[in-house]
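Undergrad: Just a sequence and a predicted model for now, questions to come.
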Amino acid sequence: MNPFKKIFLLFTFLFLYLLVNISTGDEQGQHSMHGDTTPAATSKTGEGPVINEYVIPTPYSHPFGITVDSKDKIWFTAQVTNKIVKFDPVNQSFKEYQITSTASLPKSDWKYSPSNKTPPKEVYDVSLGSPGAIIIDKNDRLWFVEQIGNKIGSFDPATEKFVEYDIPSPNSSPNDLALDSEGNVWFVEWNGGKIGKLDFKIKKVVEYDLKTNSHPAGIAVDAEDNIWISDIAMNEIGRFNPKTKTYKVFPIVTPLSRPGNILIDSLKNIWFSQLHSHKVTMLVPSTGMMSEAMLPGYNSVPQSIIFDKKGRLWYIDDMLNKIGYFELQSASFNEFDIPTINSQPMHLAIDSKGDIWFTEHERGANKIAQVVISSVPDIPAAHKHEHSEGNKGEAEGGQGSAVVNKVPLWVYVSGILLIVVVISALVFVKKKRA
């Protein structure tokens, strides 16, 4: 046989062998990458928990903030109807309480339709007050913000009486509130760029200025009574010390993250949601270091977060209409569809049994919902392994992905051998001709 034909056949054989093995290696590499490319497990049909939904009697009430009292009664704000509402899970009954300052506002049952697009004049005033976030103190007294009414309100279930406190700065748009160890109410002013305190010792509202152009969104108080806030405009987490009147900031690494709801775990770590960058984040105050976890959905919006009794971080996805949890030990997600389509879930609460409650803010949904915690499935073990490995790689600066994607040693050896064989054959043929 012609020597060149022999060389050609040998070269072809080695080339095909190398090509087949590289393809096999790529498929193996893609399988190993599964933990990185699919960052979270999503429950399949039939695997989700029991989610009970309860329709609010008054239509289009826009339920917003939610909390649970010591007797497991559910309380929430109805933003458009300007009411505080109680729900009794035992007999599944609702009772509504009209906020005092809004009692004289005109009512209207007007509904938008293609043939009746212009609302009556009085409808423009119906949102005055606009109760938002709500919390409960150790005496079961309720506290809430009035975003448009520019007030901090309280409601005593025992007497069924309201007390409202005006905020000094006009149109401040209070957004969230929290209690310190002495029972003082702290709140953030979205428009005012301030922190406010309802101080019962001096019986007045005291305000503290933040940075110029600040837009504080969430607030929490730690065991030392430091005030923690999330600042959307500044893209940072802030800590205000009421004793020294000093303010320290922790910049968020992810640009334009829009930090929202904020809370503190049992180890004093600060947790917050990133509305724009689809993440939940943990801040270690002693070091200033932050760890971020990306939600599964492409356009997820973690509107609210809360810890359950197992230490899992629950969140509601406002955009994708889901509720789910993040398991810290395995750095894995498990999430579930909310039965009502486009419900616009808004805020979370937890009762003494560990059941999760949330509001469905969309005007057509008009519900509150309960996740029965005993029916919640665990994250599959396979997903736990994959996601923990993937997150380990991210935590090490992407080294995990680099190891998975690197070209195996045998590929380099095969390539070198192929080159050696071809060169040797060419040299041999050249010498024989000479």
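TA: Nice, thanks for sending it over.
Undergrad: could you point out where this protein is predicted with low confidence?
TA: Under the criterion of pLDDT under 70, the regions of the chain flagged as low confidence span 1-46, 105-113, 117, 119-127, 381-434.
Undergrad: tell me which element the nearest residue to residue 197 once chain neighbours are set aside falls in.
TA: Of all residues beyond its chain neighbours, the one nearest residue 197 is residue 206 (4.8 Å), with distances taken as C-beta to C-beta, 6 or more residues apart in numbering. (Each C-beta comes from the backbone N, C-alpha and C, glycine too.) Residue 206 is located in strand 204-209, with elements delineated by DSSP states H and E.
Undergrad: Remind me what that strand packs against, helices and strands.
TA: Secondary-structure packing of strand 204-209 (3 or more C-beta pairs under 8 Å, 6 or more residues apart in numbering; DSSP states H and E): strand 194-199.
Undergrad: in the strand it packs on, what counts as buried?
TA: Buried residues in strand 194-199, defined by neighbour count with 16 or more other C-beta atoms under 10 Å: 194-198.
Undergrad: Not counting that strand itself, show me its contacts.
TA: Applying C-beta atoms under 8 Å, 6 or more residues apart in numbering, the contact partners of strand 194-199 are 152, 165, 167, 169, 172, 174, 184-189, 205-210, 214, 216, 219, 227, 229, 240, 242.
Undergrad: how about 6 Å then?
TA: Contact partners of strand 194-199, identified using C-beta atoms under 6 Å, 6 or more residues apart in numbering, comprise 152, 165, 184-187, 189, 205-209, 240.
Undergrad: Quick one: buried ones out of the residues you listed?
TA: Applying 16+ other C-beta under 10 Å to those flags 152, 165, 184-187, 189, 205, 240 as buried.
Undergrad: Is it possible to get those out as a markdown table so that each row also shows distance to residue 51?
TA: Converted to a markdown table, the buried ones among the contacts of strand 194-199 look like this (distance: C-beta to C-beta, whole Å):
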| residue | distance to residue 51 |
| --- | --- |
| 152 | 32 |
| 165 | 36 |
| 184 | 36 |
| 185 | 32 |
| 186 | 33 |
| 187 | 31 |
| 189 | 35 |
| 205 | 39 |
| 240 | 38 |
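Undergrad: In those, find the pair that's most separated.
TA: Looking at those by C-beta to C-beta, the two members farthest from one another are 165 and 240, with 20.0 Å of separation.
Undergrad: List the contacts of the closest residue to residue 356 other than its chain neighbours.
TA: Excluding the flanking residues, the one nearest residue 356 by C-beta to C-beta, 6+ apart is residue 371, at 4.1 Å. Going by C-beta under 6 Å, 6+ apart, residue 371 touches 49, 51, 356.
Undergrad: Mind listing the residues bridging to residue 371?
TA: Under DSSP bridges, the beta-bridge partners of residue 371 are residue 51, residue 356.
Undergrad: ok, now how distant is it from residue 140?
TA: With the distance defined as C-beta to C-beta, to the nearest Å, residue 371 ends up 23 Å from residue 140.
Undergrad: now swap in residue 75 and tell me
TA: Noted for residue 75: a distance of 9 Å to residue 140, by C-beta to C-beta.
Undergrad: of these two, who's got more company?
TA: residue 75 (24 against 14; other C-beta atoms under 10 Å).
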